[in-house]
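Student: Just need the structure, nothing else, for what follows:
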Amino acid sequence: MISDDRGQAEADPENIERDAKVLPEPLTRRGYKRRRPVEQRITEALSLEAAAFLELAARRDEAAPDYFPPEALAYFVRRANRAGNKRLVNTLMRELYIRCRPFLHNRVRSFSGETRKEMVQEILTRIAAGLLDAGDKGDFAEVSFWSYLKARAIDVCRDRIDELENAEESLDAPIFDEEGEEAESALAAVPDYALTPEQMLLLKAGLAHLTPHLRQVFIMAHALEMKIESKDPDEMTISRHFGVTEKTVRNWLKEAERLLAPFREDRND
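Tutor: From the prediction side, this is the model:
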């Protein structure tokens, strides 16, 4: 767990170079690159003394000129972990968790109280596991931390929905690879669920009558709220995922809605 003893962390000489010319190590996974403001903030922080660095790392006001982005926190968490500095890892992870919690509580609000607590803890555990991995699996956290967090949250929510359904086949069959790497880019801007887990369960009988393909499209559009199309060339959309036109996706969704209509009517009786 994360230690609350910031005093000890501040007193401990951190393994941070004092040379202002030191640059952060480049990312190695899939050609990922940090945004320039993040790279600049990391470079500036590398030249700071320990106490000044920890003070800067706690700057959370995004509108302030001294804002310390979560991507930079992710970098220093991984860096401290490689150096074996557990105190600094704990201090920075605690700061990162504080920033994550408002989003996480909103993301899991459709679940019951005790389940919400378990899910938040599970998401935080997965975040820590990724950042503390010895390889480069955590690189995307330094590119777009909130997208990285959303992907982990979606993973946990999908697992919970599967448990609630207790079905032989998951209604939201995997749309990403086993490592979950595509989730990191595909979920770059996922808003809150359009359908709550409870609403999805009400439609379970109808969804079971859809073909796996239509079911997957319906889940992507209504549970994960992925966009059908986007002007942003870097944003994964349903049409890009399947390599089809926007019109084709809309036709698929119309067909799914047509097949689900009788089940919606049954629920309204």
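
Student: Next, the buried residues of whichever strand or helix holds residue 41.
Tutor: Under the criterion DSSP states H and E, the helix or strand holding residue 41 is helix 36-46. Residues of helix 36-46 classed as buried by neighbour count (16 or more other CB atoms under 10 Å): 38, 39, 41, 42, 45, 46. C-beta here means a position set from N, CA and C on the backbone, and glycine is covered the same way.

Student: Equivalent analysis for stretch 127-141, please.
Tutor: By neighbour count on 16+ other CB under 10 Å, the buried set for stretch 127-141 is 127, 128, 130, 131, 132, 137, 138, 139, 140, 141.

Student: which of the residues you listed lies closest to residue 251?
Tutor: Using CB to CB, the shortest approach to residue 251 within the buried residues of stretch 127-141 belongs to residue 140, at 33.1 Å.

Student: if we can go back for a sec, from the buried residues of helix 36-46, which single one is nearest residue 259?
Tutor: Distances from those to residue 259 were compared by CB to CB; the smallest belongs to residue 38, at 45.6 Å.

Student: Now for that closest one: which residues touch it?
Tutor: In this structure, residue 38 makes contact with 69, 71, 72, 75, 142, judged by CB atoms under 8 Å, 6 or more residues apart in numbering.

Student: Convert the C-alpha atoms of the strand or helix carrying the second one to CSV, please.
Tutor: Think residue 71. Under the criterion of DSSP H and E, residue 71 resides in helix 70-82. Presented in CSV, the C-alpha positions along helix 70-82 are these (Å, rounded to 0.1, in the frame of the first residue of the first chain):
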residue,chain,number,x,y,z
PRO,A,70,0.3,12.9,-14.4
GLU,A,71,2.4,11.7,-17.3
ALA,A,72,5.4,13.2,-15.6
LEU,A,73,4.4,11.6,-12.3
ALA,A,74,4.3,8.3,-14.2
TYR,A,75,7.8,8.8,-15.5
PHE,A,76,9.2,9.5,-12.1
VAL,A,77,7.4,6.6,-10.5
ARG,A,78,9.0,4.2,-13.1
ARG,A,79,12.3,5.9,-12.7
ALA,A,80,12.3,5.6,-8.9
ASN,A,81,11.3,2.0,-9.2
ARG,A,82,14.2,1.2,-11.5
